[in-house]
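Asker: Sequence first, then the predicted structure, then my questions.
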Amino acid sequence: MEIDRLQVLRTDVSGMPLEWIGYREAARLYHQEQIAYSCGSLLYKLYGGHNAVTGRRTVVEVNSIIATVGIAGNPGHTRHDYVPPLNNQTLFRRDAHLCLYCAQRFLTRELSRDHIRPFSQGGLDVWTNVVTACRRCNNHKAWRTPEQAHMQLIAVPFTPTYAEYIYLKGRRVLADQMEYLLAHFPRTSPLHDRLQRKVERKWGQTPIPLGGLGSDPIFLRQLRHQECVVRNPVEHEVATAQALGLEA
Ligand SMILES: [Zn+2]
């Protein structure tokens, strides 16, 4: 369903990213008073039943980033030696859907997981020994190392940290969520440049009306970094319309 496409980034109370959740799970957390605070943009406005006493209708507003109390669902993100599970979907996203040998971009179905040092030569199935490769390059390399096959990697494979992994798992990451996750990446993260460009492109698409201050880009930029209250009107309107469509 269309409305499920926008995911909410759940963090712990200290702001560490934990996971992506749908609006139903977010609404459940609101009802259970598990939300410590929320930031980012308003994604969903969910209407419930009428209060028998006041006659008022309950409304739950779900933002793009919500911080929750408790440690439920904590997947070990605080451990420095945490290694996210390896799967093709996140591997291909780590490598931006580029074949790390011929540097061309491909569709998911045209990509494969290449073991830099092949199994037959003692290579392991770990993040630092695997790269995204197109089928042609993978076939050409076969059971050889890049040196043996006279092929060169265009980037060094890395193990994502927990925050990086959350980003790579996101289906349709919004600009504010991206910016939030970026702040939790290691300084040396190869994803920095790529995401920074994306964030700027996404924010750039949408002038943000914020009363009389909305036209001042410097103010907006500062605001984005200092607080988590900027709304992305395009996403916001689409999402709210979708959410409202729910009750019809
Ligand atoms: Zn290739």
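Answerer: Looks like it came in fine.
Asker: and the gap between Arg187 and Thr161?
Answerer: 11 Å (CB to CB, to the nearest Å). C-beta: built from backbone N, CA, C; applies to glycine.
Asker: For the two, indicate the residue with more neighbours.
Answerer: Using other CB atoms under 10 Å as the criterion, Arg187 and Thr161 rank with Thr161 on top: 19 against 5.
Asker: That one: what's it in contact with?
Answerer: With contact set as CB atoms under 8 Å, 6 or more residues apart in numbering, Thr161 has these partners: Tyr82, Phe185, Pro186, Ser189.
Asker: Kindly indicate which of those residues lies nearest Thr145.
Answerer: Using CB to CB, Ser189 comes nearest to Thr145 of these, at 26.4 Å.
Asker: Quick check: closest non-adjacent residue to the closest one.
Answerer: Computed as CB to CB, 6 or more residues apart in numbering, the closest residue to Ser189 that is not its neighbour in sequence is Glu164, at 6.2 Å.
Asker: List the residues that contact the one you found.
Answerer: Applying CB under 8 Å, 6+ apart to Glu164 gives the contacts Arg94, Leu181, Phe185, Ser189, Leu191.
Asker: where does it land in three-state SS?
Answerer: helix (DSSP: H, G, I helix; E, B strand; the rest coil).
Asker: per-residue confidence for it?
Answerer: With respect to pLDDT, Glu164 scores 94.
Asker: how much space between it and the ion?
Answerer: The gap separating Glu164 from the ion is 24 Å, by CB to the ion, to the nearest Å.
Asker: distance of that residue from Leu29?
Answerer: 24 Å.
Asker: now Ala52
Answerer: From Ala52 to Leu29 the distance is 24 Å (CB to CB).
Asker: Among these two, which residue is more densely surrounded?
Answerer: Remark: of Ala52 and Leu29, Leu29 carries more neighbours, 21 against 6, as counted by other CB under 10 Å.
Asker: Residues contacting the one helix or strand the more buried one maps to, please?
Answerer: Per DSSP states H and E, Leu29 falls inside helix 23-31. The contact list for helix 23-31 (CB under 8 Å, 6+ apart) reads 3-4, 6, 8, 10, 21, 35, 43-44, 46, 60, 62, 66, 68, 243.
Asker: Just say helix, strand or coil for the spatially most distant residue from the centre of the chain.
Answerer: For the chain, the largest distance from the centre (CA atoms, centre = their mean) belongs to Val53, which lies 41.4 Å off. Under three-state DSSP, Val53 falls in the coil class.
Asker: now Val62
Answerer: strand.
Asker: Excluding chain neighbours, give the residue nearest to it in space.
Answerer: For Val62, ignoring the flanking residues on the chain, the nearest one in space by CB to CB, 6+ apart is Tyr44 at 4.1 Å.
Asker: The one you found: neighbour count?
Answerer: If you count neighbours by other CB under 10 Å, Tyr44 ends up with 24.
Asker: residues near His150, how many?
Answerer: If we define neighbours as other CB under 10 Å, then His150 has 9 of them.
Asker: er, Arg109 I mean
Answerer: By other CB under 10 Å, 7 other residues sit near Arg109.
Asker: Could you check how far it is from the ion?
Answerer: Counting by CB to the ion, the separation of Arg109 from the ion is 14 Å.
Asker: okay, the most centrally placed residue in the chain: pLDDT?
Answerer: Per CA atoms, centre = their mean, the C-alpha nearest to the average position across the chain is that of Tyr167, at 3.0 Å. At Tyr167, the pLDDT value in this model is 94.
Asker: ok, now Arg94?
Answerer: Confidence score, pLDDT, at Arg94: 95.
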